[in-house]
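>>> sequence-free structure coming up:
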């Protein structure tokens, strides 16, 4: 993408309304724009990051055997009356009447709808296990939306729902998602720690929040330092291996980890002092096993191998992509701007033309841009008329992992500079060498 | 994807509520499920097709220079009061009050919001031309939603919005989208004919509907037969070439073409009888140039090269992916089911194991499945316990372009059958030959 043809409205000033660094940086870089309280447009730069985050989530959901569908945003009130949550949900549910005066709502979550879909098609244990997910907009009418897309009203959520014949099956389904989540966050450059959690309005018996550590996190968390070194399940993880996944789950729940609401001071105190980690964290995922809560209320049953009807055991598993993006920024930035982890950067490389219009600079930039593009990189070429200093600042601000800097003096020797956004390390090399180095490091 | 692990609830009976063939087939194949009147879930098979349709739309929008963002579904009423459409829009607009009693609405289209975004960032002609698009849910509270996702209430729309300094620039923007649309529909196996259209509630001076011919189409259309042979702009189309795009536009508007509402009996009658085409059609895209209608009302101005303020000229360009899917089915099916054009089939190949559990069949199926998967094909392997006849019927019904049929008798000779869903042509060949043939034909 040539910046001269892109739409990336960088703000010169720090926006006053932003209380936290991710919100400030997302506004400054032109990633998002607020349209109404807690309702955002994802501008092109932000949309690119969101797409990459969604792609990783999707790949890991699919790898674990979950199947994607797409449920609508608007739901009928009837469905929620069946589960009893229509009255229970309170003011965060956006209630709507259509032109026929039928009561509807903008879905804040989809347990009811997916249970309705399940019961209308699945009648036999032979079709289990089943895990269906979608990545779809939700609306929760927060009284105080804030922190940009970290706590917005209209937001994107990946929500998966598992269906199993019995508790043992459901626990395996839970462990699958547990492992998939560890992989998902790891691929985004995050160390997410699963912490035993309260089940809240979803209900149920077993629940973990996945928390990343960040100084600006909204909640206090307490855990054992061992979590920082635990292995992430590999790409070759066999999600059908019941015992293998249980081992991963056991390992990752073998040490103390709790948010303040579930905190047990005595248990935490029992950890050797040097091994204790008390920090702030941001919730990036939440998984629940809630047994037959919805299937019982809504009659989701299958015939078992015993020829009898069984009420299915369910779980639900959420990740908020529009929340994850600012969470990643909270965990990865410096005074100059965002530092994107590799897999989710809006562009892999930014090529900075220090003197647009200079024949040698233009030619070298064109070559790097086109060669890397052909090699499968997403490249941003800053071919605008801005002065070099402004271009450097913008490149740092938007946090693209690698900068290739092309200036008239060094290009006279056939050389460019390659800068690592994170470490700040710079290396001067020929155009060819720069291209080869980047392609080799892919 | 192994069918035994997929979720594809095929209905045995033809659903009674479906009035048109696409709706019937989408329900029967388990592509969609109605949740409320005019509100659908896209089940996994349907979601796969929808994703492929969106991917083609996106590629062609990007190729033409349009830039993707994502605006929210909910909008504030204020914005629509500025343009005057809040009162004008009528009952199709779903009006909502949030918990603070603020009037909101579920966006039926985004002219107001994109104009608001534009005016808040763009101040100079140097940032033009600009074309921003998104693929986002819309809601129109149709009094009689029907025909499945062909005319639903919650639906997906790709809507692009162009901004130019003057009418000449806006016409070039219009011609870019015109060419992009021809390419988009062609890649989906459709011959779409641009027909001069009424501008309706969007307003403006110039508008074309893109209509595909289908016996079950909702509107009567009249055009010259030459349209069936016109060349589609190539992949190498230069979208910056003003004259070149004008030539494409002129060519594709050089013959008579009109829907019944714009029909001119005399002009149509002037065409030689053998050259006249009177048929039924389905609208799959609609483009508008509406000048300064919204920019004037909402103050979207830029400084021109003359140092003066200019109200920008705008256009909008829509394609409804959730409508396009049934439109494609209307245009491409037979008595046995859907016949997907290559680029948008939910799977490229279905491998039918006639005798799951038979060692030789399982091994051959596994090899075809895995080799084609590695070669980049989306493969569905029917490894269920259903009898062979049922598997054949399902494969035909869901319309995957190529079937590889593996039966115990032919596999004893190392052979499989390759069937073309569209022509019904079958060829027997070795497993290796089948794989090579498919890979070569990619």
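In hand now; what should we look at? Computed from a predicted model, the values in this text were never measured in an experiment.

>>> now residue A:161: how far from residue B:6?
According to Cβ to Cβ, to the nearest Å, residue A:161 stands 16 Å off from residue B:6. (Glycine included, C-beta is placed from N, CA and C.)

>>> no wait, residue A:246
Computed with Cβ to Cβ, the distance linking residue A:246 and residue B:6 is 26 Å.

>>> more neighbours, the two?
Taking neighbours as other Cβ atoms under 10 Å in any protein chain shown, residue A:246 and residue B:6 compare with residue B:6 leading, 18 against 14.

>>> I'd guessed that one sits against residue B:47; true?
No - Residue B:6 is not in contact with residue B:47 according to Cβ atoms under 8 Å; the separation is 11.5 Å.

>>> quick one: the strands in the stretch 51-200 of chain A?
Listed in chain order, the strands found in the stretch 51-200 of chain A under DSSP state E, counting those that start in this stretch are A:67-68, A:74-76, A:94-97, A:103-106, A:130-139, A:154-164, A:192-196.

>>> who does the second one touch, helix- and strand-wise?
Going back to what we said before, that points to strand A:74-76. In terms of contact count using 3 or more Cβ pairs under 8 Å, 6 or more residues apart in numbering or on different chains; DSSP states H and E, strand A:74-76 is assigned the packing partners strand A:103-106, strand B:32-36.

>>> state the number of residues packed around residue A:231.
The tally of other residues near residue A:231 (other Cβ under 10 Å) stands at 10.

>>> hang on, I meant residue A:442
Per other Cβ under 10 Å, the neighbour tally for residue A:442 reads 10.

>>> next one: residue A:74
Residues contacting residue A:74 under the criterion other Cβ under 10 Å number 24.

>>> tell me what it is bridged to.
Taking DSSP bridges, one obtains residue A:106 as the residues bridged to residue A:74.

>>> give me every residue in the stretch 51-200 of chain A lying close to chain B.
Near chain B, the residues belonging to the stretch 51-200 of chain A are A:65, A:67-76, A:91-92, A:94, A:96, A:98-99, A:102, A:104, A:106, A:113, A:116-117, A:120-122, A:127, A:130, A:132, A:137, A:139, A:141, A:143, A:153-154 when assessed by Cβ under 8 Å from any Cβ of the partner chain.

>>> run the last query once more with 6 Å
Within the stretch 51-200 of chain A, the positions near chain B by Cβ under 6 Å from any Cβ of the partner chain are A:67-72, A:74, A:76, A:91, A:96, A:98-99, A:121, A:141, A:154.

>>> what subset of those is buried?
Buried positions within those, assessed by neighbour count (16 or more other Cβ atoms under 10 Å in any protein chain shown), are A:67-72, A:74, A:76, A:96, A:98, A:121, A:141, A:154.

>>> give me the pLDDT value at the closest residue to residue A:146 other than its chain neighbours.
Of all residues not flanking residue A:146 in the chain, residue A:19 sits nearest, at 6.8 Å (Cβ to Cβ, 6 or more residues apart in numbering or on different chains). In this model, residue A:19 is scored at 89, pLDDT.

>>> kindly tell me how buried residue A:19 is, as a neighbour count.
12.

>>> quick one: classify it as helix, strand or coil.
The three-state label for residue A:19, taken from DSSP: H, G, I helix; E, B strand; the rest coil, comes out as coil.

>>> and it, its phi and psi?
phi -90, psi -30 (degrees, to the nearest 10).

>>> that one and chain B: what is the separation?
The gap separating residue A:19 from chain B is 20 Å, by Cβ to the nearest Cβ, to the nearest Å.

>>> any idea how far that residue is from residue A:275?
Relative to residue A:275, and taking Cβ to Cβ, residue A:19 is found at 33 Å.

>>> how about the strands in the stretch 301-442 of chain A?
Taking DSSP E, counting those that start in this stretch as the criterion, the stretch 301-442 of chain A carries its strands at A:301-303, A:309-311, A:313-319, A:333-334, A:337-338, A:349-353, A:379-382, A:402-406, A:415-420, A:426-430.

>>> residue B:254: which of those strands is closest?
Nearest to residue B:254, of all the strands of the stretch 301-442 of chain A, is strand A:379-382, at 38.5 Å by Cβ to Cβ.

>>> contacting residues around that closest one?
Contacts of strand A:379-382 with the rest of the structure, by Cβ atoms under 6 Å, 6 or more residues apart in numbering or on different chains, involve A:1-3, A:347, A:349-353, A:365, A:369, A:372-373, A:391.

>>> ok, so of the residues you listed, who is nearest chain B?
Among the contacts of strand A:379-382, residue A:1 lies closest to chain B (Cβ to the nearest Cβ), at 8.5 Å.

>>> and the residue nearest to the closest one when sequence neighbours are not counted, how far from chain B?
Counting by Cβ to Cβ, 6+ apart, the nearest residue to residue A:1 once its immediate chain neighbours are dropped is residue A:380, at 5.4 Å. Between residue A:380 and chain B the distance is 13 Å, computed by Cβ to the nearest Cβ.

>>> what pLDDT does residue A:380 get?
According to the prediction, residue A:380 has pLDDT 98.

>>> cool, and residue A:199?
If you check residue A:199, the pLDDT there is 68.

>>> how is chain A partitioned into domains?
Domain assignment for chain A, taken from automatic domain parsing, gives A:7-338, A:347-441.

>>> would you turn those into JSON lines with distance to residue B:425?
Listed next are these as JSON lines, based on distance: least, Cβ to Cβ, whole Å:
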{"stretch": "domain A:7-338", "distance to residue B:425": "32"}
{"stretch": "domain A:347-441", "distance to residue B:425": "37"}
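
>>> which residues touch residue A:222?
Contact criterion Cβ under 6 Å, 6+ apart gives A:258, A:263, A:268, A:278 as the residues in contact with residue A:222.

>>> let's verify it: helix, strand, or coil?
From three-state DSSP, the assignment for residue A:222 is strand.

>>> from residue B:14, how far off is the residue of the stretch 251-400 of chain A found nearest chain B?
Nearest residue of the stretch 251-400 of chain A to chain B, counting by Cβ to the nearest Cβ: residue A:385, 8.5 Å away. If you measure residue A:385 against residue B:14 using Cβ to Cβ, the figure is 63 Å.

>>> what's the answer for residue A:194, then?
For residue A:194, the distance to residue B:14 equals 48 Å [Cβ to Cβ].

>>> of those two, which one has the most company?
Comparing residue A:194 with residue B:14 by other Cβ under 10 Å, the one with more neighbours is residue A:194, at 22 against 10.

>>> bridge partners for the residue nearest to that one when sequence neighbours are not counted, pull those for me.
Using Cβ to Cβ, 6+ apart and skipping the chain neighbours, the partner closest in space to residue A:194 is residue A:208 (4.3 Å). With DSSP bridges applied, residue A:208 shows beta-bridge pairing to residue A:196, residue A:287.

>>> tell me who's in contact with residue A:208.
By Cβ under 6 Å, 6+ apart, the residues touching residue A:208 are A:194, A:197, A:287.

>>> hang on, the second one packs against residue A:205?
No - with contact taken as Cβ atoms under 6 Å, residue A:197 and residue A:205 are classed as non-touching, separated by 11.8 Å.

>>> the two: who's more crowded?
The neighbour comparison of residue A:197 against residue A:205 (other Cβ under 10 Å) goes to residue A:197, with 20 against 13.

>>> thanks a lot, catch you later.
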